[in-house]
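# next one to model:
(chains A and B)
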Amino acid sequence: MKTIKYFSILFLSLLLATSCSEDETESNTTEVDPMLDYTLLKQFENEGNTIEILSKSETLTVGYNELFVRIKDGITGNYVANAQPNWLPVMHMQMMEHSAPFSALSAIETGTVYSGYIVFQMPGNSNEYWDLTLNYKINDVTYSAIERLEVLSPGDGLTRVQTVTGHDDVRYVLALVEPQAPEVAVQGISALLFTMESMMSFPIVPDYTIKIDPRMPSMGNHGSPNNKDLIYNSQARQYEGEVSFTMTGLWRLNLKLLNDKGEVIKGEDITEANPESSLYFEVEF
Amino acid sequence: MKTLSRGGVPLRTTFRINVGLLLVTFLAHVTTTSAQQTQLDSLYILPVQLGEVVVIGAAKKMEHQKQHKPLSTLDEYLEGAQHVNMVKRGAYAWEPVLNNMTSERLTVTIDGMQIFGACTDKMDPVTSYVDVSNLEAAEISSGQRGASFGNAIGGNINLKLENSRFKDKGWYGSFENAFESNNGQRVLGGEVNFARSNFYIDTDVIYRKADNYVAGGGEEVLFSQFEKYNFSVNSGYRVAPGQRILAALIYDEARDVGYPALPMDVSLARAVIASVSWEQDSLGNFTDWETKGYFNTIKHVMDDSQRPEVAIRMDMPGWSDTAGLYSQVFLQKGKHTLQFKIDGYYNRSLAEMTMYPANLEENPMFMLTWPDVRTFNTGLYLEDKLQLGMHTVTLGGRLGFHNNRVADDFGLKSLQIFSPEMEAANSRILKSISAQWHRHLEPFHLYVGGAYGERAPSVSEGYGFYLFNSFDNFDYIGDPNLKTEQAIEGNLKVVFEKSRWTLTAQASIFHMPNYIIGTVAEELSAMTMGASGVKIYENLESAQLINTSFLAECEISKGLKAQAGISWHRGTDSDGGNLPLISPWAYNANLKYQKQGYSATLSVVGNGVQENFNPLYGESQTAAYTVVAASMGKRFFISANDFYVKAGVENLFDARYSTYSDWNNIPRMGRNAFVALSYALN
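Here you go, the predicted model:
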């Protein structure tokens, strides 16, 4: 009997403790942190304000990176809405500097989180590095921050971005966006296509076609059916199609880039003699 | 109609040799005419007119005398049946073919229980999970005459388990031993039984181990070894007069089974088969009420680790679990004998494939080849047998409900790559109706029958995912939206019986609308390395099958019998193309002597050249062959016990040959001497 009594007291106190702590959290924060499930990749001070860069992935890697930026006002301690931020990634190589394709930063529904993407074409190393310039406004005062970024080669060694010169002698950057979590099914595939106008300018190329031929090099170049070539979606400003994977493993998505006149810009058809295209992505799961 | 495998004396027994085997077959007309004359165990009523019964028996009944090769595998027994052929992928686990139709068009049941192999490549037909040690007979029903067992087109093979059935014999048992020279197969078997009039328990065990066999001419057929053992317990208790409860358990395990015709072997094939049944002699006006509940589970593991060179290493395990129930009663009313049966089963079929890339850094490649398909099938079967003087009319009908559901989401999404519109579940109604008429017009018996039947696609046909078929070198993909396959069937048999002679001519024709077969999908890319492409199961407009045979038997003198048979078959699709795996014309002849404990057989069996074959299905022409076999036996009595020795030679002239049903034309076994010993303790 005694044991039962002790246990009930213990149980009750635990119950009370948990309910108290719940009350506390509720009173302290008015809403759940919308970025709770994201990784804080970078947090740095800039003139008294704190800047956070977050992502779904653990690191910045070569290829497409969807990023989220928050700015905490050093005076009020609140995240800033209407900061109208813009950014510029720059690679500092030993002989030159260049930027990367990136989107504008735009506020998502919470108002204080700004999202956008950067497509890194290469990783940093001991002599060469990426930095990010971030301009923002708080109460009509413009601030500018600059911070080094660590961009890694993908841990799995897979190709998700390619910088190529087309048959039209134009430099293109092609990056895979989706699928991030591939499965054995027919699923959406999306990609971004940019042209390299200058070292610092990478505008989106619309209205091309990206033909797709997924293959498994380790499986005798087995291919999958019912894929749909990627075409430009002007709303999403990206290329969208469908890809199917018939099993798990390493898939090479052989690509062929066609311009708006249907001329081949880059990539080759897969034949017995030519098992792979020079333009491709890799997916493994 | 009643069969006389136990207790009864058959009116006539026909003997037949096929590939050197002598087989006892009780033909349908025999059992029909003898049924009224014999006292039988009440449960030994067979629901439909049988095509054929292959008696297997065991040592305790000394059936061995009648068999060319005692203790041969069940496959060899079945191969000797008039209507059955076997597809061979090696020395073990042959696939039965009835009316030139294979697994998906047949139901193969064990004592009426549904059971389904767990291998996507048909390496484990149901017949591989039992052994002759625990079987009494294989009951073969052609076409819709097998409809009481389930929905099928080609017919049913029911493997009847043996038991002591309350014979007041006390303790008895036997020991058996056999050896075959060609592949060094050694067989050890034994049984211990105890039977009283109110209780019995039978146990038996058999063990087989064989090395590679040697084809005619001396070539060793690599990866043709096998090892297996089978254990079973069968028991019954008489609760009250006319009321019995019975239970059976079979454990069967094969290991290290080679499949020379396939790119993979099997490291494990294991089945546990269990049932409990209630039997009651009468139920109001009804008789012979039997209700059985059963469960069986199979695990099958394909393995390529012994093969020196493979394109890619892979694991391919499969599982098949089935639970079911049936209940049947009979009613005798005037000229009518009615059978009512309700049955149902639930099966789960799951198989997966994991391939390991040469580059170990890469992830394994995984797919569900059978995406956890749940099949629920239930049906109602009704039969009326009408005895009108010299006429017998049998009418049968079955109405079934069949539901398939893909339970695994991974598997469902995989299949939706090919069939985007498919839903996880689909249901269909399956119908069967048949009519048989028999007229006795001395010295003739005339049988005429017609039937209509339907079947649902098999798990592979509906839901298979890249199943490699090494016969035509294509990967197969199922189509979940296949239509129900139908069959309109006609059969005719004329038997002439006079003094020593029995002549039997028969023919059957099947017209099958929506015939299911794999057709090449040019746009798809093969998965298996080296495969020619991909086929998807489709409904052809129709296909036709014709089977004809003629059999002559003669009792030359007392104890000496001769028999000769010839058969011809043809299968075509609606465009006139040849169907695969259709027998060319085939013949057999044998001479059998049995008198005063001595027995001897001499047999010849052969096939003509395969004129009608189809390269689209991976067939090449198979040459004609003839093989000869002989055996001799002697029975001794040592006090009350029975001792039996039999020795013989198969493929006497060491012919190198393969038949139309040998997968990838692997050669058959060359000359093989065998000896079998049985010792029965009464």
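# end-to-end on stretch B:208-220?
The straight-line separation of the ends of stretch B:208-220 (Cα to Cα, to the nearest Å) is 20 Å.
# contacting residues around it?
B:73, B:91-92, B:131, B:180, B:182-187, B:221-229, B:258, B:651, B:654-657, B:667-672 (Cβ atoms under 8 Å, 6 or more residues apart in numbering or on different chains). Backbone N, C-alpha and C define where each C-beta goes, glycine included.
# distance-wise, check A:Q84 relative to A:M35.
20 Å (Cβ to Cβ, to the nearest Å).
# so for the two, which residue has more residues nearby?
Set A:Q84 next to A:M35 and count neighbours by other Cβ atoms under 10 Å in any protein chain shown: A:M35 wins out with 17 against 13.
# the more buried one belongs to a strand, doesn't it?
No. Using DSSP: H, G, I helix; E, B strand; the rest coil, the assignment for A:M35 is coil, not a strand.
# does it touch A:L67 like I think?
No. Using Cβ atoms under 8 Å, A:M35 makes no contact with A:L67, being 11.4 Å away.
# where in chain A is pLDDT low?
Within chain A, the stretches with pLDDT under 70 are A:1-31.
# on the three-state scheme, B:K413 is what?
B:K413 is classified as helix under three-state DSSP.
# OK, contacts around the nearest residue to it once chain neighbours are set aside?
Nearest residue to B:K413, sequence neighbours excluded (Cβ to Cβ, 6 or more residues apart in numbering or on different chains): A:A185, at 3.5 Å. Applying Cβ under 8 Å, 6+ apart to A:A185 gives the contacts A:S244, A:F245, B:K413, B:S414, B:Q416, B:I417.
# could you count how many residues lie near the first one?
Neighbour count for A:S244, taken as other Cβ under 10 Å: 24.
# OK, contacts around the closest residue to A:P182 other than its chain neighbours?
If the residues on either side of it in the chain are set aside, A:P182 comes closest to A:F285, at 4.6 Å by Cβ to Cβ, 6+ apart. With contact taken as Cβ under 8 Å, 6+ apart, A:F285 is in contact with A:A181, A:P182, A:E183, A:F245, A:T248, A:G249, B:N363.
# what's across from the spatially closest residue to the fifth one that is not a sequence neighbour in the sheet?
If I follow you right, that is A:T248. The spatially closest residue to A:T248, leaving aside those adjacent along the chain, is B:F366, at 4.4 Å (Cβ to Cβ, 6+ apart). With DSSP bridges as the criterion, B:F366 is bridged to B:T354.
# and A:Y114, by the same measure?
A:V69, A:A107.
# what of B:A562?
Beta-bridge partners, per DSSP bridges, of B:A562: B:C554, B:L591.
# now do the helices in the chain.
Picking chain A for this. A:2-28 (DSSP state H).
# meant chain B actually
B:28-34, B:74-79, B:409-416, B:459-463.
# could you say which of the ones you listed is packed most deeply?
helix B:459-463 (a mean of 26; mean count of other Cβ atoms under 10 Å in any protein chain shown).
# am I right that B:T378 is in contact with B:D343?
Yes. Counting by Cβ under 8 Å, B:T378 touches B:D343, with 6.8 Å between them.
# which residues of chain B lie near chain A?
By the rule Cβ under 8 Å from any Cβ of the partner chain, the part of chain B lying against chain A is B:311-312, B:353, B:355, B:357-359, B:362-367, B:410, B:413-414, B:416-418, B:420, B:465-466, B:523-530.
# just the buried residues of those.
Listed as buried from these are B:353, B:355, B:357, B:362, B:364-367, B:410, B:413-414, B:416-418, B:465-466, B:524-528; burial here means 16 or more other Cβ atoms under 10 Å in any protein chain shown.
# which of B:T378 and B:D343 has more residues huddled nearby?
Ranked by neighbour count (other Cβ under 10 Å), B:T378 and B:D343 place B:D343 first, with 23 against 17.
# where's the more buried one relative to A:V186, distance?
B:D343 is 39 Å from A:V186, by Cβ to Cβ.
# follow-up on the earlier one: any shared contact partners between A:M35 and A:L67?
Contacts common to A:M35 and A:L67, judged by Cβ under 8 Å, 6+ apart, are A:L54.
# re the thing from before, and the two most separated of the contacts of A:F285?
A:A181 and A:G249 (15.1 Å; Cβ to Cβ).
# compare those two (neighbour count), which wins?
A:G249 (25 against 7).
# could you give the bridge partners of the nearest residue to A:Y38 once chain neighbours are set aside?
Using Cβ to Cβ, 6+ apart and skipping residues adjacent in sequence, the residue nearest A:Y38 is A:L54, 4.1 Å away. Beta-bridge partners of A:L54, counted by DSSP bridges, are A:L40, A:F68.
# and what of B:V495?
Bridge pairing for B:V495 - DSSP bridges - gives B:H445, B:T504.
# that one against B:T504, yeah?
Yes. Under the criterion of Cβ under 8 Å, B:V495 makes contact with B:T504 at 4.9 Å.
# quick one: which two of the contacts of A:A185 are the most distant?
Once Cβ to Cβ is applied, those give A:F245 and B:Q416 as the farthest pair, at 12.2 Å.
# skip the chain neighbours and tell me the closest residue to B:W278.
B:T291 (4.8 Å).
# for the closest residue to B:E290 other than its chain neighbours, which residues make a bridge with it?
Leaving aside its chain neighbours, B:E290 sits nearest to B:E279 (5.1 Å; criterion: Cβ to Cβ, 6+ apart). Counting by DSSP bridges, B:E279 is bridged to B:R244, B:E290.
# show me what contacts B:E279?
With Cβ under 8 Å, 6+ apart, B:E279 has these contacts: B:L43, B:Q243, B:R244, B:I245, B:L246, B:D288, B:W289, B:E290.
# B:V649: neighbouring residues, count only.
18.
# so which residue is smack in the middle of chain A?
Among the residues of chain A, the one closest to the centroid is A:N65, at 2.1 Å (Cα atoms, centre = their mean).
# what does chain A have sitting close to chain B?
A:183-186, A:216, A:218-226, A:244, A:246-250, A:284-285.
# among those, which ones are in strands?
A:V186, A:M216, A:H222, A:G223, A:S244, A:L250, A:E284 (DSSP state E).
# let's have those in CSV, adding distance to A:T271.
Below are these laid out as CSV (distance: Cβ to Cβ, whole Å):
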residue, distance to A:T271
A:V186, 25
A:M216, 16
A:H222, 15
A:G223, 12
A:S244, 21
A:L250, 21
A:E284, 24
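# among these, which ones are buried?
Using 16+ other Cβ under 10 Å as the threshold, A:V186, A:M216, A:H222, A:G223, A:S244, A:L250 are the buried ones among those.
# settle this for me: the first one is touching B:L415, isn't it.
No. Counting by Cβ under 8 Å, A:V186 sits too far from B:L415 to count as a contact (10.6 Å).
# okay, now the unreliable bits of the stretch 551-682 of chain B?
For the stretch 551-682 of chain B, no range has pLDDT under 70.
# in contact with A:F281, which residues?
Counting by Cβ under 8 Å, 6+ apart, A:F281 has contacts A:L158, A:T159, A:R160, A:Q162, A:L176, A:A191, A:R252, A:L253, A:L255.
# tally of neighbours for the residue lying closest to the third one once chain neighbours are set aside?
Looking back up the chat, that one is A:R160. Distance criterion Cβ to Cβ, 6+ apart; nearest residue to A:R160, sequence neighbours excluded, is A:G63 at 3.6 Å. Using other Cβ under 10 Å, A:G63 has 22 other residues around it.
# for A:G63, what are its contacts?
Neighbours of A:G63 in contact, by Cβ under 8 Å, 6+ apart: A:V119, A:F120, A:P154, A:R160, A:V161, A:A175, A:L176.
# now do 10 Å
A:118-121, A:151, A:153-154, A:158-162, A:175-177, A:192, A:281 (Cβ atoms under 10 Å, 6 or more residues apart in numbering or on different chains).
# hey, what's it bridged with?
A:F120.
# list the buried residues of stretch B:560-568.
Buried, per 16+ other Cβ under 10 Å, within stretch B:560-568: B:K561, B:A562, B:Q563, B:A564, B:G565, B:S567, B:W568.
# got TSV for those residues, with distance to B:S542 too?
Formatted as TSV, these follow (distance: Cβ to Cβ, whole Å):
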residue	distance to B:S542
B:K561	42
B:A562	41
B:Q563	36
B:A564	34
B:G565	30
B:S567	23
B:W568	21
